[in-house]
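In: Got a sequence here, can you model it:
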Amino acid sequence: MIDIHCHILHRIDDGPTDLEESVQMALIAQKDGIETIVATPHVRDRDITSELISQRIAELKKALDRNGVSVDILYGADISSNIALTNPTEYTINNTRYLLLEPPQYFNRSLFMTLIKKIIRKGFVPILTHPERNPTVLSAPETLMDFIRTGALIQITAESLSGGFGPEPKECSTYLLKKGMVHFLATDAHSKRYRRPVMSEGLEIAKTIVGSEAAERLVKDNPRRVISNLAL
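Out: Residues are numbered from 1 along each chain as shown. Model (predicted):
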């Protein structure tokens with residue numbers, strides 16, 4: 001499996017506090033069947049530079065090699081709207097046209113649609129992160145289809161399907177899957193203790209909703225196309 005959304009880098013956002021925990025997270029992911037992780041720290045201002053992200057990735061890769069962990073770590077970021085409005089080139093996934101975009105908790109749908117259109121006109125493909133946990137989306141999840149028709153893609157959190165974020169995100173993520181409005185399943189992991197880098201449980205639940213082939217596509221085929229800069 002490929003996890004396109006994971007806060008695995010140490011001392012850069014609200015993820016692990018040290019390199020040791022980053023390594024332990026990678027071990028958890030490996031045992032769960034995750035072979036590739038896109039490291040995606042929160043980027044809400046320019047203080048989190050591409051150089052800092054690259055440095056943390058290099059440190060983690062060396063530590064994984066020393067510990068015999070075979071999980072591959074790729075470059076990425078989980079960017080906010082204000083970063084997306086400027087030039088988000090340095091924050092794309094694995095130097096592709098794809099980028100993770102975290103919607104504000106409360107947003108005006110019309111204004112957010114304008115933002116998505118601007119991003120797409122610049123040649124990028126926005127992947128909206130965990131909308132099933134977003135209060136604005138929860139109030140009207142069917143409106144996500146408008147963003148999809150415009151060219152945005154959707155990533156939900158594996159733990160939402162198992163109820164880890166409560167009944168509403170679970171219900172919403174199930175609804176989005178049933179309606180064919182999900183392109184990726186990811187961990188959005190932050191720690192070795194809570195919000196762990198585990199996708200298998202969510203994948204099994206997704207299989208009961210959309211079938212094995214469609215569910216596997218969310219964690220294998222679609223993510224592989226993203227990191228290879230191919231169209232879905």
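
In: Output the below-cut-off pLDDT ranges for this protein.
Out: Applying pLDDT under 70 to the chain picks out no residues at all.

In: any idea which residue of this structure is furthest from its center?
Out: Centroid-distance maximum for the chain: residue 66 at 26.8 Å, with CA atoms, centre = their mean.

In: What separation do you get for it and residue 55?
Out: Here the criterion is CB to CB, to the nearest Å. By it, residue 66 lies 17 Å from residue 55. (Glycine included, C-beta is placed from N, CA and C.)

In: How far off centre is the longest helix along the chain?
Out: Longest helix in the chain, counting residues (DSSP state H): helix 50-66. The chain centre lies 19 Å from the centre of helix 50-66; the measure is CA atoms, centre = their mean, to the nearest Å.

In: do the same with stretch 91-108
Out: 9 Å.

In: For stretch 138-153, give me every contacting residue.
Out: 98, 101, 109, 112-113, 116-117, 120, 125-128, 131-132, 137, 154, 168-169, 172, 175-176, 179, 181, 183-184, 232 (CB atoms under 8 Å, 6 or more residues apart in numbering).

In: Which of those fall within strands?
Out: Using DSSP state E, the members of the contacts of stretch 138-153 that fall within strands are 98, 101, 125-128, 154, 184.

In: Break down this structure into its helices, ranges please.
Out: Going by DSSP H, the chain shows helices at 19-32, 50-66, 81-85, 109-121, 135-139, 144-150, 158-161, 167-178, 200-210, 212-219, 221-227.

In: For the fourth one, name the packing helices and strands.
Out: Contacts defined by 3 or more CB pairs under 8 Å, 6 or more residues apart in numbering; DSSP states H and E place helix 109-121 against helix 81-85, strand 98-101, strand 125-129, helix 144-150.
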